[in-house]
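Student: Structure for the following, please:
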Amino acid sequence: KGVLSVDEVIAEMTDLWNTRTQALGKQEQRNLYRAVLGLQPIYEQLNCTAGRENVLGRCEPCPKGMFKAIAGVEACARCPRGSYANSTESASCHRCPADTSTD
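Tutor: Okay, the predicted model is just below:
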């Protein structure tokens, strides 16, 4: 093709950009544009199930020691003193056995 003019390069890059971004969903398009502008991505509030929370736009399991009792946009919470969650994705905490503590 030879050497392209600046206008031809801009036209080709615009076509390539449009082709690539059309395959993305609205949120991905918005975050791609924000990245080009040097801005942080926006993660929609996800309605995650019990035992899971929104982490960078994905529903991830609550870590050990934390729980989330109901579905919603809330984050996982630390188990209260005297209780524990010994597995990930906990929807509740267990009471510590007698004469034991989480301290």
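
Student: Now do the buried residues in stretch 79-86.
Tutor: By neighbour count on 16 or more other CB atoms under 10 Å, the buried set for stretch 79-86 is Cys79, Tyr84, Ala85. Every residue, glycine included, has its C-beta placed from N, CA and C.

Student: Do me a favour and get the backbone dihedrals for the nearest residue in space to the first one that is not next to it in sequence.
Tutor: Read that as Cys79. Of all residues not flanking Cys79 in the chain, Cys93 sits nearest, at 3.7 Å (CB to CB, 6 or more residues apart in numbering). Per-residue torsions, Cys93: phi -110, psi 150 (degrees, to the nearest 10).

Student: show me the residues around Cys93 that make contact.
Tutor: Contacts for Cys93 (CB atoms under 8 Å, 6 or more residues apart in numbering) come out as Phe67, Cys79, Pro80, Ser83, Tyr84, Ala85.

Student: Would you check which pair of those lies furthest apart?
Tutor: By the measure CB to CB, Pro80 and Ala85 form the most distant pair in these, at 10.6 Å.

Student: Name the nearest residue to Cys59, ignoring sequence neighbours.
Tutor: That would be Cys48: by CB to CB, 6+ apart, it lies 3.8 Å from Cys59.

Student: go on, Asn86?
Tutor: Asn86 sits nearest to Lys64 (CB to CB, 6+ apart), 6.2 Å away.

Student: try Phe67
Tutor: Spatial nearest neighbour of Phe67, chain neighbours left out: Ser90 (4.3 Å); criterion: CB to CB, 6+ apart.
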